[in-house]
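A.B. asks: got a sequence here, can you model it:
(one chain, ligands or ions: 3)
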Amino acid sequence: MASLAFSATKTCSTPTYMTFFEKFDHVKHDNPIFWKVNFTSNKCKKRDLIITNVATKPPAVAPPAPPPPATTTNTVQSKRKLVAWTSVKQERWQGELEVEGEIPLWLNGTYLRNGPGLWHLGDYNFRHLFDGYATLVRLHFENGRLIMGHRQLESEAYKAAKKNNKLCYREFSEVPKPDNFLAYIGDMANLFSGASLTDNANTGVVKLGDGRVVCLTETIKGSIVVDPKTLDTIGKFQYDDNFGGLIHSAHPIVNDEEFITLLPDLINPGYLVVRMEPGTNERKVIGRVDCRGGPAPGWVHSFPVTEHYVIVPEMPLRYCAQNLLRAEPTPLYKFQWHPESKGFMHVMCKAGGNIVASVEVPLYVTFHFINAYEETDEDGRIKAVIADCCEHNADTTILEKLRLQHLRSFNGEDVLPDARVGRFTIPLDGSPYGKLEAALNPDEHGKGMDMCSINPAYLGKKYRYAYACGAQRPCNFPNTLTKVDLVDKKAKNWYDEGSVPSEPFFVARPGATREDDGVVISIISDKNGDGYALVLDGTTFEEIARAKFPYGLPYGLHGCWVPKK
Ligand SMILES: CC(=O)/C=C/C=C(C)/C=C/C1=C(C)CCCC1(C)C
Ligand SMILES: CC(/C=C/C=O)=C\C=C\C=O
Ligand SMILES: [Fe+2]
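C.D. replies: Ligands and ions are numbered 1, 2, ... in the order given. Model prediction:
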């Protein structure tokens, strides 16, 4: 099955990676694996770090050399040293960080964040943010202390790329170059069987109800179990069922009771809604939604649920068979915009799988649903479903704006397309149309809106607060953290000039009764090339603690919380 990867293995040349020792040659060491770093003072520089070896094994592989600097010169970005869009410096690191401010003593557990942190192989640079090999970051909070670690996920795609010093599997936009015509034919076969698709699980990380921690992306084979303590790659998450299929939503709904996901059906356009219980690897069908428009299902990066329903979005940005076959990326990558096919929202009953509403809605573009809930009338009857998402004003250009070349070349121009909290109202009375409106004035968050989280206790329920990245313009990427109040229709914003913050992640205080009683964690890449963990108060949205990393880390996407047992 994996013949493409296999034949590539035999023909590739030797890697030319720089070793760990070359990068840290000013440091005395004997075993380069985990390093404990103590800052001599808050103001100390990288060179002042006292580094002590705290582990015993050598690293499995030498880290790749960093990519050449961004090609654009005289840009604001190149004058700054922001490292958000630069490959991770080394394979792994772990150490305790000095905390400025105070981490609440109740915050005991581990925040894990996943994202595409390595965007080059030798001197070949990947083009899109989503192409990078997964970098896991771990922030372990214990009694006011903070231990940080990061490590590359050892997917087959990553291991093959390192071994062969070239791309061996199909990533989001990058496609391996076949060596000859026979290899090309094999590649086509491997595309249909899924053998050539990546398992580079670089999108998110979830904790299942049974405690297993799984990194995910949009290919089903990109479901990989990791150890949240060591960040070791444990192995593939094997689904013990016969659904086959190659892709799923990158964002399943996961809580202690269940794992629900959508399996787009590219042959008979539709979606299978499936559910998996903790302690099992078997997904069971809840139901199926047939698409109402278009030649293929809409791209489904995420979807929301309410207490009784699974909401299946059918976005007019649809998977595209021709684009899947292309070797070179198209402006919309594997997708195509079909405004004529319309946009829809379907509502499926969780218990029986029956469709209780299927409405046409205005055209929309979203990666991330924020939450959904049921709206009842005076008699307690459910009259509508409300579903909120980070909506890009039906403008697909956001996908292109996430090309690394764009991200690395900010020149002060305001080029980030506008976005909003898009609120769908889906009537359950049989009406054919649903509404889509901004839930609050997008100026409240600078018309930037993506990378959201909520208090997980409010999943599927009426809720008030969402945390996300917003914008302070001009910018080329969301550059603020924003707390959106959907009742008062106001936002509180955190901003640090030149910095790129990653998804604000809400962690509730144990025993909290207020929705925003907790903290918000984010990882910041700042304009000096440094990085730090930031902890904001969930209520006031003011900083309560920060802890500087030994070096800045690449941008990351989504995270999860593993509470202390
Ligand atoms: C990082 C992120 O958010 C999204 C990653 C998406 C990926 C890796 C998508 C991969 C795909 C293929 C390799 C071929 C099939 C289509 C598609 C699921 C887009
Ligand atoms: C980072 C991002 C969009 C930012 C634009 O405002 C989308 C990420 C999608 C995948 O997880
Ligand atoms: Fe995502």
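
A.B. asks: tell me which element residue 205 is part of?
C.D. replies: Counting by DSSP states H and E, the element that carries residue 205 is strand 204-207.

A.B. asks: list the strands paired with that strand, with their directions.
C.D. replies: Strand 204-207 has the following sheet partners, assigned by DSSP bridges: strand 213-216 (antiparallel).

A.B. asks: show me what the helix or strand just after the strand it pairs with is packed against.
C.D. replies: The helix or strand immediately downstream of strand 213-216 is strand 223-226, counting by DSSP H and E. Using 3 or more Cβ pairs under 8 Å, 6 or more residues apart in numbering; DSSP states H and E as the contact test, the elements touching strand 223-226 are strand 213-216, strand 233-236. Any C-beta I mention is one placed from the backbone N, CA and C, and that applies to glycine too.

A.B. asks: show me the contact partners of the strand holding residue 205.
C.D. replies: Residues from elsewhere that reach strand 204-207, judged by Cβ atoms under 8 Å, 6 or more residues apart in numbering: 112-114, 136, 213-217, 226, 228, 250-252, 254, 259, 557-562.

A.B. asks: okay, now the closest residue to ligand 2 within the chain: neighbour count?
C.D. replies: Nearest to ligand 2 in the chain, going by Cβ to the nearest ligand atom, is residue 450, at a distance of 3.6 Å. Using other Cβ atoms under 10 Å, residue 450 has 21 neighbouring residues.

A.B. asks: tell me the contacts of the closest residue in space to it that isn't next to it in sequence?
C.D. replies: Closest residue in space to residue 450, ignoring its immediate chain neighbours: residue 390 at 4.4 Å, by Cβ to Cβ, 6 or more residues apart in numbering. Contacts for residue 390 (Cβ under 8 Å, 6+ apart) come out as 366-368, 370, 419-422, 449-452, 468.

A.B. asks: TSV for the residues you listed, including secondary structure and distance to residue 244?
C.D. replies: As requested, the contacts of residue 390 are exported to TSV (DSSP: H, G, I helix; E, B strand; the rest coil; distance: Cβ to Cβ, whole Å):
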residue	secondary structure	distance to residue 244
366	strand	27
367	strand	26
368	strand	27
370	strand	31
419	coil	35
420	strand	37
421	strand	36
422	strand	33
449	coil	36
450	strand	32
451	strand	32
452	strand	32
468	strand	35
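
A.B. asks: TSV please, covering the residues you listed and showing pLDDT and distance to ligand 1.
C.D. replies: Formatted as TSV, those follow (pLDDT from 0 to 100; distance: Cβ to the nearest ligand atom, whole Å):
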residue	pLDDT	distance to ligand 1
366	98	13
367	98	7
368	99	10
370	99	16
419	99	16
420	99	20
421	99	20
422	99	19
449	99	16
450	99	11
451	98	11
452	98	14
468	99	16
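
A.B. asks: quick one: which of these is most hemmed in?
C.D. replies: residue 449 leads the contacts of residue 390 on contacts (other Cβ under 10 Å) with 34 neighbours.

A.B. asks: nearest residue to it in space, please, no chain neighbours.
C.D. replies: Sequence neighbours aside, residue 419 is the residue nearest to residue 449 in space, at 4.0 Å (criterion: Cβ to Cβ, 6+ apart).

A.B. asks: how close does the closest residue to residue 368 other than its chain neighbours sit to residue 304?
C.D. replies: Distance criterion Cβ to Cβ, 6+ apart; nearest residue to residue 368, sequence neighbours excluded, is residue 390 at 4.7 Å. From residue 390 across to residue 304, the span is 12 Å (Cβ to Cβ, to the nearest Å).

A.B. asks: report the set of residues contacting both of those two.
C.D. replies: Joint contacts of residue 390 and residue 304 (Cβ under 8 Å, 6+ apart) are residue 370.

A.B. asks: which of the residues in the longest helix anywhere in the chain are buried?
C.D. replies: Taking DSSP state H as the criterion, the chain has its longest helix at helix 181-193. Of the residues in helix 181-193, 183, 186-187, 190-191 count as buried by neighbour count, 16 or more other Cβ atoms under 10 Å.

A.B. asks: ramachandran angles for the residue lying farthest from the centre of the chain?
C.D. replies: Within the chain, residue 379 marks the point farthest from the mean C-alpha position, 40.1 Å out by Cα atoms, centre = their mean. Residue 379 adopts backbone torsions of phi -90, psi 10, taken as degrees, to the nearest 10.

A.B. asks: try the one 4 residues further on
C.D. replies: Taking degrees, to the nearest 10, you get phi -110, psi -20 for the backbone angles of residue 383.

A.B. asks: contact partners for residue 161?
C.D. replies: Shown in contact with residue 161 (Cβ under 8 Å, 6+ apart): 121, 133, 167-169.

A.B. asks: contact residues of the stretch 251-400 of the chain facing ligand 2?
C.D. replies: By the rule Cβ under 6 Å from any ligand atom, the part of the stretch 251-400 of the chain lying against ligand 2 is 367, 398.

A.B. asks: any weak-confidence spans in the stretch 1-150 of the chain?
C.D. replies: Residues of the stretch 1-150 of the chain meeting the criterion pLDDT under 70: 1-80.

A.B. asks: same thing but at 50, please
C.D. replies: Along the stretch 1-150 of the chain, the parts satisfying pLDDT under 50 run over 1-78.

A.B. asks: residue 141 contacts residue 105, correct?
C.D. replies: No - applying Cβ atoms under 8 Å as the test, residue 141 and residue 105 come out as separate, 9.5 Å apart.

A.B. asks: between those two, which one's more packed in?
C.D. replies: Applying other Cβ under 10 Å to residue 141 and residue 105 shows that residue 141 carries more neighbours, namely 27 against 10.

A.B. asks: look up the closest residue to that one, ignoring the ones flanking it.
C.D. replies: Excluding its sequence neighbours, the residue lying closest to residue 141 (Cβ to Cβ, 6+ apart) is residue 107, at 4.6 Å.

A.B. asks: before we move on, which element is the one you found in?
C.D. replies: For residue 107, there is no enclosing helix or strand under DSSP H and E.

A.B. asks: how many residues are close by it?
C.D. replies: For residue 107, the neighbour count with other Cβ under 10 Å is 25.

A.B. asks: now for the closest residue to ligand 1 within the stretch 401-550 of the chain, how many residues are close by?
C.D. replies: The nearest approach of the stretch 401-550 of the chain to ligand 1 comes at residue 402, 9.1 Å away (Cβ to the nearest ligand atom). For residue 402, the count of nearby residues is 17 (other Cβ under 10 Å).
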